[in-house]
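In: how would this look folded up:
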Amino acid sequence: MKAGHFCPRGGQRDAQLESGTVPPKAGRMVTLPIIQLLVAMRFYATGNFQIDCGDRHKLSQAVACKIIARVSRALALHVGQYVKFPPVNELAANKRKMFQIAGFPGAIGAIDCTHISKKNPDRERGEVFRNRKGNFSINVQLVCGPQMEIYDVVARWPGSVHDSRIFANSRCYMMFEEGTISGILLGDSGYAQTSYMYTPVINPRTQPEERYNRAHISTRNIIERVNGVLKRRFACLSRTLQNRLHNIPNIIVACVVLHNISITTNQELPSELIMAEEIPVAVIPDNERGSLIRAAFIGRHFT
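Out: Predicted coordinates for the structure are as follows:
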């Protein structure tokens, strides 16, 4: 699986992955679970159904498509096991690791959205998937930690939806609002500044504000790297997905699950990253309360 820079290893994990694959119904040609897994992994690594996936195992494209959907669904069911915020007793260590990046105190993670291209949908629903670049996509929210592990993924929103709306309707938002998680998220100017979401100063006028921005940008860069690693390791995410719409969220989440497994097993990162195409974000103007919170934070830590 060199092309995808990912190789599932570890007997228990292999068994868990294989257990999610189901042979076709009686009377049909049975494809072994390990073959199903290899077909799906090859698709994640290349994004190509026929040449790189089905042909290698003498499967038709239709069968390969069904296998990819089945394995992706099985992997996505494990999202709660592999994609989650660290427990409370690990948050302090997490904050220290984030601080070591560029001296930004209190941060536990960074948030961003990345667009995954998809084929032109049907005319009735098509325009809702058209992003600000004019392409059709799924807008995927990711939250990551200091070691490039992904804490949260939301992969169900069409490309026209703004990042801030996706966050406001996410489980992650509720966890921070309710205080289930204590710490700071670093976001870009597409999010509103709050007591837990810290964004850049749009027009810095003082040295402390400039120092704050430098630390913020350098630390938040971790999520940009995660996006690049994800799309390099799982090339299907950097191509235009031709799959049926209802299967795409599972494919995206499956790749995130596999990414986290690769992080926990210390697999080598891709040498070259695919930097996501920049989609213009709708800048959220500073509100008075948010500006005061950020100004006080800058006064405490960056003067």
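In: Provide a list of residue ranges in this structure with pLDDT below threshold.
Out: Of all residues in the chain, those with pLDDT under 70 make up the ranges 1-31, 49-58, 122-124, 271-280.
In: Tell me where this protein has helices.
Out: Assigned by DSSP state H, the chain shows helices spanning 11-19, 33-46, 61-76, 79-82, 91-102, 163-168, 171-177, 207-233, 248-264, 288-301.
In: What residues sit buried inside stretch 101-119?
Out: By neighbour count with 16 or more other CB atoms under 10 Å, stretch 101-119 contains the buried residues 101-102, 104, 107-118. Yep, even glycine has a C-beta here, placed from its N, CA and C like the rest.
In: Over to stretch 217-227?
Out: Neighbour-count burial for stretch 217-227 flags 219-220, 222-224, 226-227 (criterion: 16+ other CB under 10 Å).
In: could those residues go into a markdown table alongside distance to residue 295?
Out: A markdown table is the format used below for the buried residues of stretch 217-227 (distance: CB to CB, whole Å):
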| residue | distance to residue 295 |
| --- | --- |
| 219 | 19 |
| 220 | 19 |
| 222 | 25 |
| 223 | 24 |
| 224 | 26 |
| 226 | 29 |
| 227 | 30 |
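In: between those, which is nearest residue 288?
Out: If you rank the buried residues of stretch 217-227 by distance to residue 288 using CB to CB, residue 220 comes first, at 23.7 Å.
In: thought the closest one was touching residue 188?
Out: Yes - taking contacts as CB atoms under 8 Å, residue 220 lies within contact range of residue 188: 7.2 Å.
In: Show me whatever sits in contact with both of the two.
Out: residue 112 (CB atoms under 8 Å, 6 or more residues apart in numbering).
In: with the buried residues of stretch 101-119 in mind, which one is nearest to residue 135?
Out: Among the buried residues of stretch 101-119, residue 117 lies closest to residue 135 (CB to CB), at 6.0 Å.
In: Please list all residues in contact with the most centrally placed residue in the chain.
Out: In the chain, the residue lying closest to the centroid (CA atoms, centre = their mean) is residue 142, at 3.8 Å. Residue 142 sits next to 111-114, 150, 152-153, 223, 226-227, 230, 256 when contact means CB under 8 Å, 6+ apart.
In: which one of those residues is nearest residue 192?
Out: Closest to residue 192, out of all of those and judged by CB to CB, is residue 111, at 12.2 Å.
In: coming back round to it: how about the helices of the chain in JSON lines, adding distance to residue 128?
Out: Shown next, in JSON lines, are the helices of the chain (distance: least, CB to CB, whole Å):
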{"stretch": "helix 11-19", "distance to residue 128": "33"}
{"stretch": "helix 33-46", "distance to residue 128": "26"}
{"stretch": "helix 61-76", "distance to residue 128": "22"}
{"stretch": "helix 79-82", "distance to residue 128": "24"}
{"stretch": "helix 91-102", "distance to residue 128": "35"}
{"stretch": "helix 163-168", "distance to residue 128": "13"}
{"stretch": "helix 171-177", "distance to residue 128": "21"}
{"stretch": "helix 207-233", "distance to residue 128": "23"}
{"stretch": "helix 248-264", "distance to residue 128": "14"}
{"stretch": "helix 288-301", "distance to residue 128": "29"}
